[in-house]
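Q: Sharing a sequence plus its predicted fold:
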Amino acid sequence: ILFMSDNDDNVKRAMNGFIADMLRESGMESTLGRPKKGSMKSSGGNNANEKKFNGGRDTLFTWSGQTWAKLSSITPKYVFLDEIERYRRGSKVGDIYSMTKNRVKTYQGSHKIFAGSTPEIEDTSIIHPLFLSGDQNYYNIPCPHCGEYITLDFSIRLEDGSFAGITYKRNNLGGLVAGSVGYVCQKCGGHFKESHKYEMYREDDYSYQNSNTPLCLWIPTVEHA
């Protein structure tokens with residue numbers, strides 16, 4: 001497994017934070033390390049650069065997105081590219097995603113590459129073309145007024161010329177009016193606030209929702225070829 005983040009500090013932060021928590025909570029922490037020959041004691045393989053499992057047979061490697069062009073000795077089956085938008089650019093060896101696909105060829109057909117990032121500038125984005133190459137799933141929540149599934153968008157122009165999406169009010173000096181921020185549903189025009197999110201994510205609060213169906217859904221918008 002290869003885990004990459006945008007810089008060394010965030011790699012270490014992840015390894016010592018949520019990855020360490022995951023290993024502990026899943027019970028895998030006890031399998032970490034590579035035992036010495038003829039001994040049950042660990043001799044490394046459990047640090048910020050790598051974590052070895054099952055006597056060293058399986059390994060989680062880490063790498064910085066600032067030096068990804070130097071990644072040539074690892075052939076992972078699974079790759080997690082965290083904050084790919086902030087990786088170093090302009091390498092002569094090509095782009096990070098193409099390089100990653102070359103690294104997993106050994107496991108062709110059974111490999112998995114996950115790329116995630118906060119999007120930045122669209123013209124130079126790394127994550128946006130990857131999003132467009134898939135089925136373009138959007139996270140949908142049920143409106144607390146009409147129950148229709150909606151995405152949360154900043155501003156949506158409706159057919160009648162009005163707008164839905166995030167709404168707020170300003171005072172005479174241009175400052176934000178406290179408590180005015182909310183959301184206007186693009187399906188029914190109903191207004192709700194951030195506090196409603198606790199209700200919208202609780203399935204047992206909605207009698208119209210079948211108990212066997214998840215309340216919030218990832219809904220694809222493009223048929224994947």
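A: Sure, I can see it. Treat the numbers as computed from the prediction; the structure is a model and nothing was measured.
Q: Contacts only, for Val184.
A: Neighbouring residues of Val184 by CB atoms under 8 Å, 6 or more residues apart in numbering: 163-165, 167, 190-191. (Glycine included, C-beta is placed from N, CA and C.)
Q: okay if I get these as a markdown table plus distance to Ile156 and pLDDT?
A: Formatted as a markdown table, these follow (distance: CB to CB, whole Å; pLDDT from 0 to 100):
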| residue | distance to Ile156 | pLDDT |
| --- | --- | --- |
| Phe163 | 6 | 93 |
| Ala164 | 4 | 96 |
| Gly165 | 5 | 96 |
| Thr167 | 11 | 93 |
| Gly190 | 14 | 93 |
| His191 | 14 | 93 |
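Q: can you put those residues in a markdown table and add neighbour count and distance to Met99?
A: Compiled in a markdown table, the contacts of Val184 are given as follows (neighbours: other CB atoms under 10 Å; distance: CB to CB, whole Å):
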| residue | neighbour count | distance to Met99 |
| --- | --- | --- |
| Phe163 | 14 | 43 |
| Ala164 | 20 | 42 |
| Gly165 | 17 | 38 |
| Thr167 | 13 | 44 |
| Gly190 | 14 | 47 |
| His191 | 14 | 47 |
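Q: With respect to Leu130, which of the residues you listed is nearest?
A: Leu130 lies nearest to Gly165 out of the contacts of Val184, by CB to CB, at 25.5 Å.
Q: For the helix or strand where Ile219 lies, what is the distance to the chain centroid?
A: Here Ile219 sits within strand 217-220, counting by DSSP states H and E. Distance of strand 217-220 from its chain centroid, counting by CA atoms, centre = their mean, to the nearest Å, is 15 Å.
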